[in-house]
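*Asks:* Could you work out the structure for the sequence below:
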Amino acid sequence: MTSPYGSWASIVSAADVASGGSLPTGVHAADGIVWWSETRPSEDGREAVVRRDADATLHEVVPAGFNVRTRVHEYGGGAWWVHEETVFATSWDDQRLYRIDPSGEPTPITPEPPTPQAWRYADGRVTPDGRWVVCIRERHEGPDASSDVHNELVAIRTDGAGTPVVLFAESDFVAAPRISRDGRQLAWLVWNHPNMPWDATELWVGRLGEVDGVLHLSDPRREAGGAGESLLQPEWGRHASLYVCSDRSGWWNVHRVDGVDRLSPVVSVDAEVSLPPWLLGQSRYLVTADGTVVTAHAQGLDTVLTSVPERGEAVTERLAEQRVAALAHDGTSLLGIVTFPDRPVEVRRLGTGEADVLRTGAGTVLPRQWVSVPSHVTFTTADDQQAFAWFYPPVNPQAVAPQGTRPPLLVTVHGGPTSAARPAFSPAVQYWTSRGFAVADVDYRGSTGYGRPYRQLLREQWGLVDVQDACAAAEHLAATGMVDGDRMAIRGGSAGGTTTLLATSLHDTFAAGVALFAVTDIEALLAITHKFESRYFDSMVGPLPHAAERYTDRSPVTHAHRCRTPLLVMQGLEDAVVPPAQAEQIVAALEANEVPHAYLPFPGEQHGFRIAANQVTALEAELAFYGQVFGFTPADDVTPVELAFADRL
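*Replies:* Numbers count the residues shown, from 1 in each chain. The predicted model follows:
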């Protein structure tokens with residue numbers, strides 16, 4: 001059937017996109033039992049933990065309504081862990097830590113905080129004797145979201161007796177406490193303002209032992225790391241051997257710790273094994289019981305698995321069109337959370353057949369002929385430098401566009417901004433490509449996945465290079481005839497929303513923009529932002545007061561009077577990372593400037609929309625918005641967006 005791009009009838013509905021379950025945060029395995037976490041959009045984004053026994057029986061570990069999420073760093077991650085068959089999990093409602101035995105209800109093992117959610121727990125491990133949990137505690141002791149927050153390592157009795165014991169609190173941040181297999185040593189990471197963990201971290205080690213029935217940490221010392229080096233995910237091997245991911249080579253690769261500041265590479269590849277720890281609890285590599293180090297890194301759409309035994313030659317295996325997001329080992333086989341370009345995420349045994357798929361993410365499953373598989377695009381940007389994007393062409397086996405026309409383009413800008421585009425199957429992307437849109441997911445300079453030097457290109461350049469690269473990607477695709485240069489839109493959330501607003505105010509590349517929970521006034525955000533990111537802008541924009549003018553110049557609200565591009569602005573009203581006042585500022589400026597725009601606030605949403613009904617509303621509003629701006633009628637029965645100053649389109 002011939003119909004204009006954008007108006008194609010699709011088998012992917014907004015409800016399909018919202019109904020998709022995900023397995024994003026972790027997997028654990030032991031003795032034939034596997035545990036993993038699942039996000040449930042149909043349950044208002046609740047995070048559940050599922051257990052699969054050796055006989056393939058599935059169990060819900062937590063009862064209905066129990067939401068396994070932590071607010072440490074506000075982004076969370078590492079909200080649950082397992083010892084033998086007991087799960088320890090943080091509850092979103094009160095942020096207390098709970099013990100969940102196989103046949104029992106969740107029992108809190110941490111005390112009531114002085115104010116709701118004031119004490120938060122994450123990223124823990126249990127001593128080999130099962131008596132103590134060692135984890136992060138984030139204490140909120142006052143009204144200031146940054147200076148009144150304290151991050152520390154604590155020991156907690158697994159039976160809930162007594163009060164948490166502070167083991168270490170000598171740095172601004174702590175992460176990844178890992179207990180040696182004999183229980184005698186603890187390794188952990190620290191970093192201090194103004195660094196972020198991908199800038200400079202240190203690996204510390206100390207001795208663990210009980211004194212008068214209380215767990216103590218003695219002889220804490222820095223083992224490696226510091227300025228110019230990011231260390232991530234320490235892991236203990238056999239015989240007290242210690243490993244860590246270091247980017248001293250320019251790439252996050254696994255190293256063995258051979259002494260103070262002495263790291264020996266286990267696997268040397270021009271690729272990232274670890275990722276920036278926006279979320280705690282990474283499991284990007286592991287050390288098996290026999291001492292084998294197993295790593296996974298991406299090559300295009302594929303994953304390369306490397307196993308390095310204590311003695312013998314390394315073994316490498318390539319997993320075609322699949323990327324491993326997390327690893328686990330059950331004593332006999334390797335498991336992982338795996339993403340694909342053409343189907344939903346899976347928990348599966350690696351390197352084996354379909355019979356060993358333990359769980360498939362709920363949601364949209366498309367016939368292959370409907371799936372747009374991305375290609376990796378390299379393009380030239382400002383100063384003759386290179387940047388990258390994943391390009392998804394429009395695909396719909398039941399539709400043909402009129403001869404001589406080209407598709408509209410959606411340029412997607414990831415958040416972070418120290419993050420990356422991921423070429424994993426996304427029903428949200430397929431929603432657009434199956435309707436006749438092309439999508440370009442941009443890895444602007446500063447994105448991760450391309451090594452430390454590329455990541456450092458964003459240093460004090462946020463608001464410049466990301467904007468330049470988003471525009472350059474669109475212009476490259478238009479110049480090569482792949483898209484319609486007159487119908488290009490840019491969209492992004494959080495930092496990607498900031499890029500969207502700057503691109504539509506300072507450049508004429510795009511004919512429409514969609515900004516979700518965007519930073520609009522950087523300096524105003526600094527006054528209220530949470531501790532984890534309170535000094536992030538030192539590296540992205542520059543330290544204050546020296547860079548004060550730069551903060552003003554990089555804030556979208558400064559340039560809103562120049563914007564003539566129609567905009568759709570969406571915001572969660574319970575967002576603690578980028579509060580609603582930021583969106584309201586830009587909306588007021590658009591109103592004063594008489595720019596066609598709409599503002600959709602969402603009650604109950606935080607930083608990113610998790611509630612299924614809100615996801616549907618947001619997606620359908622965006623489609624209606626593009627139809628109104630680009631002049632096509634969607635095949636879907638969607639409600640037109642009420643645009644202020646619509647007569648100016």
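
*Asks:* now the helices for the stretch 451-600 of the chain?
*Replies:* With DSSP state H, counting those that start in this stretch as the criterion, the stretch 451-600 of the chain has helices at 452-456, 465-479, 495-506, 522-526, 536-540, 548-554, 556-559, 580-593.

*Asks:* Pick the most deeply packed of those.
*Replies:* Comparing the helices of the stretch 451-600 of the chain by mean neighbour count (mean count of other CB atoms under 10 Å), helix 495-506 comes out on top with a mean of 28. Every C-beta, even on glycine, is put in place using the N, C-alpha and C of the backbone.

*Asks:* ok, back up a step: can you flag the weakest of the helices of the stretch 451-600 of the chain by average pLDDT?
*Replies:* Ranked by mean pLDDT, those bottom out at helix 522-526, with a mean of 87.

*Asks:* and it, how far from the chain's centre?
*Replies:* Distance, stretch centre to chain centre, for helix 522-526: 22 Å (CA atoms, centre = their mean, to the nearest Å).

*Asks:* Show me what it is packed against.
*Replies:* Applying 3 or more CB pairs under 8 Å, 6 or more residues apart in numbering; DSSP states H and E, we find helix 522-526 packed against helix 548-554, helix 580-593.

*Asks:* Point out where the stretch 301-450 of the chain drops to low pLDDT.
*Replies:* By pLDDT under 70, the weakly predicted segments of the stretch 301-450 of the chain are 352-355, 362-363.

*Asks:* in it, which spans are strands?
*Replies:* Ranges of strands in the stretch 301-450 of the chain, per DSSP state E, counting those that start in this stretch, are 302-308, 315-319, 323-329, 334-339, 346-349, 357-360, 375-380, 386-392, 409-413, 438-443.

*Asks:* so what's Gly21 scoring on pLDDT?
*Replies:* Confidence at Gly21, expressed as pLDDT, is 57.

*Asks:* thinking again about what came up before, how about a markdown table for the helices and strands packed on helix 522-526, with distance to Pro113 added?
*Replies:* As requested, these are exported to a markdown table (distance: least, CB to CB, whole Å):
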| stretch | distance to Pro113 |
| --- | --- |
| helix 548-554 | 34 |
| helix 580-593 | 26 |
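
*Asks:* picking that back up, how about TSV for the helices of the stretch 451-600 of the chain, with distance to Arg284 added?
*Replies:* As requested, the helices of the stretch 451-600 of the chain are arranged in TSV below (distance: least, CB to CB, whole Å):
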stretch	distance to Arg284
helix 452-456	16
helix 465-479	25
helix 495-506	23
helix 522-526	30
helix 536-540	22
helix 548-554	32
helix 556-559	34
helix 580-593	32
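
*Asks:* Determine which of the ones you listed approaches Leu366 most closely.
*Replies:* Leu366 sits nearest to helix 465-479 of all those, at 23.7 Å, using CB to CB.

*Asks:* Give the other helices and strands that that closest one contacts.
*Replies:* strand 375-380, strand 386-392, strand 409-413, strand 438-443, strand 488-493, helix 495-506.

*Asks:* For it, output the C-alpha coordinates as CSV.
*Replies:* Extracted as CSV, the C-alpha positions of helix 465-479 are listed here (Å, rounded to 0.1, in the frame of the first residue of the first chain):
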residue,chain,number,x,y,z
VAL,A,465,30.0,19.4,21.0
ASP,A,466,26.8,17.4,21.7
VAL,A,467,24.8,20.0,19.9
GLN,A,468,27.3,20.2,17.0
ASP,A,469,27.3,16.4,16.6
ALA,A,470,23.5,16.0,16.8
CYS,A,471,23.2,18.6,14.0
ALA,A,472,26.1,17.1,12.0
ALA,A,473,24.5,13.6,12.2
ALA,A,474,21.2,14.9,10.7
GLU,A,475,22.9,17.0,8.1
HIS,A,476,25.1,14.0,7.0
LEU,A,477,22.1,11.7,6.6
ALA,A,478,20.2,14.4,4.7
ALA,A,479,23.2,15.1,2.4
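
*Asks:* orientation of it relative to strand 438-443 in degrees?
*Replies:* With axes from the mean of the first three to the mean of the last three CA atoms, to 10 degrees as the basis, helix 465-479 and strand 438-443 are set at 150 degrees to each other.

*Asks:* domain assignment for this structure?
*Replies:* According to automatic domain parsing, the chain comprises the domains 31-169, 175-276, 283-363, 366-648.

*Asks:* so how far is the first one from its chain's centroid?
*Replies:* What it means is domain 31-169. Distance of domain 31-169 from the chain centroid (CA atoms, centre = their mean) equals 19 Å.

*Asks:* Ends of it, what's the gap?
*Replies:* 35 Å (CA to CA, to the nearest Å).

*Asks:* buried sites along stretch 632-649?
*Replies:* Neighbour-count burial for stretch 632-649, counted by 16 or more other CB atoms under 10 Å, picks out 632, 634-636, 638, 641, 643-644.

*Asks:* Now, those that are in strands?
*Replies:* Cross-referencing those against strands under DSSP state E gives no overlap.

*Asks:* of these, closest to Arg222?
*Replies:* Looking across those and measuring by CB to CB, the closest to Arg222 is Val641, at 54.6 Å.

*Asks:* Which of the helices of the stretch 451-600 of the chain sits closest to Val87?
*Replies:* Taking CB to CB, helix 536-540 is the member of the helices of the stretch 451-600 of the chain nearest to Val87, at 32.6 Å.

*Asks:* For the closest one, which outside residues touch it?
*Replies:* 193-196, 199, 417, 458-462, 522, 526, 544, 551 (CB atoms under 8 Å, 6 or more residues apart in numbering).

*Asks:* please redo it, this time with the cut-off set to 10 Å
*Replies:* Residues from elsewhere that reach helix 536-540 (CB atoms under 10 Å, 6 or more residues apart in numbering): 193-196, 198-199, 416-418, 446, 456, 458-463, 466, 495, 519, 522-523, 525-526, 529, 533, 543-544, 546-547, 550-551, 554.
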